[in-house]
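Engineer: Provided below are the primary sequence and the corresponding predicted coordinates.
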Amino acid sequence: MQPKHRAKCTSEVLAQTSFDNTASYPGSEYLLQKSLCIRAVFSSSHGTSSLAQAELKPREVIRLHHDVLTADCYMDCYATCTEGAVPLRPLDSPAAWRAADLRKNTDWLYQLSQEDITELETAIQHAHATGKAIQHITQEEFPLPKLGPKLKAIAREVTSGRGFKLIKGVPVDRWPHADTVLAYWGLGLYWGRAVSNNKQGHLIGHIKDIGHDPKNPNTRLYATSAAQPYHNDAEDIVALLCLKNAKEGGLSSWTSSISVHNDIVRTRPDLAEVLAGPWYFDRKGEIPEGKKPFFEIPVFNYHKGYLSVNYSDNYYFLSQRHDEVPRLTPAHLEAIKLFNELAASDELRMSYMLQPGDIQILSNHTQLHHREGFTDWEEPEKKRHLLRLWLEPEDSRPLPHYYEDLKGGIKVNGAQLYVPLNAED
């Protein structure tokens, strides 16, 4: 069976998509619709033609067994039918989830099948045969004919749906380390364009304690065992693949920054205004040529119907070392305190100990993540280790000019972009 589905709404700006097996598409079992009204038309090409029409009310869930809208159609409907973000107003969005919503189901998890893994292993060998360095491997040279569409659907769910996904089952304990790095690069090719994680030009970052001093203002905390407060990374998407766990600690948590925004707007509109105003972000010594060691970017950014949240309190505090940066006021400090309390609250926070082979993929515009401090193993080969990708998808959202200092990753003059196999490379 190869059904073709078309969804029409009042804007008349939707795409048509076809697929082989609905059940294989993560997140394709339902459509959450937020427009006032949408008429969905479904047709199948297995013998006789069948049509089904449904008027969907806001937030209604539609389940039609085999004939369902795909994640592609969901994306189109969401992008064309939803009301845009209104400054300093709560935003009704699939990304504005609360922890209780996620505990009701596990559709935010995707378990790689044996067929997926076999396809990955074939693609690894195909990429090796090119003789190219990892950073030069293209999507065409890492073919995933069945898994690829699933990965693209996951990316759409991250960028325009709930805002995150947890993928399980990458066989990192079985593959050689170099093959794992290559496979992770290959997965990322289906999510977007990789950008530099640091001033060294690493296109895959290594999240590992390599002895850097967390008290040094230029230290990036991912290279230490210290706790990382709630924050988002640069670029549109961040993906983290767990290779090894710490001896103790290192719990991962994440929360919806859209829900944090909504709660602040409802309860403290005065602080919401502060968060939508000027804030200054320290560069931690990773300074592009011709740029200052800090830049301005609000926490709450409203642009062309989108709400994008950018937050990391330690970068605000560090910016105070520069004389040109305005001082944080009592209102700024109160806003930081409230923001952190909401992000870490039981109502909003999800916590999960990432296991080897897990990939956490999040939108940096709608989600925050956190890592608790950890105690590592003595043996170097057992130390906690994750791989990180910063990714720009093809259909990235429009962003205000403030994001010019975040888009494209960290660009320092003279850095050569490459994929290191190890943190120390």
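Structural biologist: Ah, there it is.
Engineer: Leaving aside the residues adjacent along the chain, what's closest to residue 420?
Structural biologist: Leaving aside its chain neighbours, residue 420 sits nearest to residue 202 (5.6 Å; criterion: C-beta to C-beta, 6 or more residues apart in numbering). Glycine gets a C-beta too; all of them are placed from N, C-alpha and C.
Engineer: Under the pLDDT cut-off, which ranges of the chain? List them.
Structural biologist: Filtered on pLDDT under 70, the chain yields the residue ranges 1-83.
Engineer: Which helix runs longest in the protein?
Structural biologist: When the chain is parsed with DSSP state H, its longest helix is helix 114-130.
Engineer: Check the secondary structure at the closest residue to residue 297 other than its chain neighbours for me.
Structural biologist: Excluding its sequence neighbours, the residue lying closest to residue 297 (C-beta to C-beta, 6+ apart) is residue 402, at 4.1 Å. Using DSSP: H, G, I helix; E, B strand; the rest coil, the structure places residue 402 in helix.
Engineer: Would you map the strands across the stretch 301-425 of the chain?
Structural biologist: Secondary structure of the stretch 301-425 of the chain (DSSP state E, counting those that start in this stretch): strands located at 306-309, 350-352, 359-363, 367-371, 374-375, 385-392.
Engineer: How about residues contacting stretch 164-178?
Structural biologist: Residues from elsewhere that reach stretch 164-178, judged by C-beta atoms under 8 Å, 6 or more residues apart in numbering: 26-27, 108-113, 116-117, 120, 124, 154, 157-158, 180, 183-184, 241-243, 254, 352, 355-363, 367, 421.
Engineer: Put the buried members of those residues into a PyMOL selection.
Structural biologist: Entered in PyMOL, the line below selects the buried ones among those, by 16 or more other C-beta atoms under 10 Å:
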select buried, resi 26+27+108+110+112+116+117+120+124+154+157+158+180+183+184+241+242+243+254+357+358+359+360+361+362+363+367
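Engineer: rewinding a little: thought the residue nearest to residue 420 was touching residue 418?
Structural biologist: Yes - if you go by C-beta atoms under 8 Å, residue 202 and residue 418 touch, sitting 7.3 Å apart.
Engineer: list the contacts for the residue nearest to residue 420?
Structural biologist: Residues in contact with residue 202, defined by C-beta under 8 Å, 6+ apart, are 196, 418, 419, 420.
Engineer: residues touching the third one, list them.
Structural biologist: Read it as residue 419. 133, 134, 135, 181, 185, 202, 203, 204.
Engineer: Could you do residue 126 as well?
Structural biologist: 141, 142, 143.
Engineer: For this protein, just list every one of the helices.
Structural biologist: 71-81, 99-103, 114-130, 147-160, 177-189, 257-267, 269-275, 313-319, 330-343.
Engineer: Export those as TSV, with columns for distance to residue 380.
Structural biologist: As requested, the helices of the chain are exported to TSV (distance: least, C-beta to C-beta, whole Å):
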stretch	distance to residue 380
helix 71-81	41
helix 99-103	36
helix 114-130	25
helix 147-160	32
helix 177-189	13
helix 257-267	36
helix 269-275	42
helix 313-319	28
helix 330-343	34
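Engineer: To residue 212, which of these lies closest?
Structural biologist: Closest of the helices of the chain to residue 212 is helix 313-319, at 14.4 Å (criterion: C-beta to C-beta).
Engineer: Please spell out which residues along the closest one are buried.
Structural biologist: Residues of helix 313-319 classed as buried by neighbour count (16+ other C-beta under 10 Å): 313, 315, 316, 318, 319.
Engineer: and those as CSV, adding distance to residue 327?
Structural biologist: Below are these laid out as CSV (distance: C-beta to C-beta, whole Å):
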residue, distance to residue 327
313, 15
315, 16
316, 11
318, 14
319, 10
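Engineer: Just give me the closest of those to residue 385.
Structural biologist: For the buried residues of helix 313-319, the nearest to residue 385 is residue 315 (24.5 Å; C-beta to C-beta).
Engineer: Quick check: bridge partners of the residue nearest to the spatial centre of the chain?
Structural biologist: When C-alpha atoms, centre = their mean is applied to the chain, the residue found nearest the centroid is residue 362 (2.0 Å). On the basis of DSSP bridges, residue 362 is bridged to residue 164, residue 238.
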